[in-house]
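In: Just need the structure, nothing else, for what follows:
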Amino acid sequence: MPIPKNKYIKLKAYFDFQRKKEYNKEQLRAAVEQIALHPDALFNELWNKMSEEDMREPHPDWVPENEKLKIEGEE
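Out: Below is the predicted model of the structure:
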């Protein structure tokens, strides 16, 4: 269920950070899947070692795969 726009606006910093984390998870998972025979194990190991300083800002047109982090109207 996507985030309602009014809730997103009220908690913009929170949701932007959650979406930033999700973007970085998705980017890391995609990279890991290309190089690992067991991508979930390697992904979890790398994700657990990643700090906030290691994270990149998502592209402006990026939409998270996780339905719970989508903003109303995103597909």
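
In: Next up, the contacts around Arg29.
Out: The contact partners of Arg29, taken as C-beta atoms under 8 Å, 6 or more residues apart in numbering, are Pro39, Phe43. (Each C-beta comes from the backbone N, C-alpha and C, glycine too.)

In: now for the chain, which residue lies nearest the mean position of the chain?
Out: Among the residues of the chain, Glu22 comes closest to the average C-alpha position under C-alpha atoms, centre = their mean, at 1.1 Å.

In: nearest residue to it other than its sequence neighbours?
Out: Sequence neighbours aside, Pro64 is the residue nearest to Glu22 in space, at 4.5 Å (criterion: C-beta to C-beta, 6 or more residues apart in numbering).

In: from the chain's centre, how far out does stretch 38-55 sit?
Out: Averaging C-alpha positions (C-alpha atoms, centre = their mean, to the nearest Å) puts stretch 38-55 12 Å from its chain's average.

In: Outside of that stretch itself, list whatever touches it.
Out: Lys20, Lys21, Asn24, Lys25, Leu28, Arg29, Val32, Glu33, Ile35, Ala36.

In: And the lowest-mean-pLDDT helix or strand in the chain, what's buried?
Out: Within the chain, confidence by mean pLDDT, DSSP states H and E is lowest for helix 39-49 among all helices and strands, at a mean of 89. Within helix 39-49, the residues scored as buried using 16 or more other C-beta atoms under 10 Å are Leu42, Phe43.

In: Helix 39-49 and the helix or strand in which Ala13 is found, what's the angle between them?
Out: Assigned by DSSP states H and E, Ala13 belongs to helix 12-35. Counting by axes from the mean of the first three to the mean of the last three C-alpha atoms, to 10 degrees, helix 12-35 lies at 140 degrees to helix 39-49.
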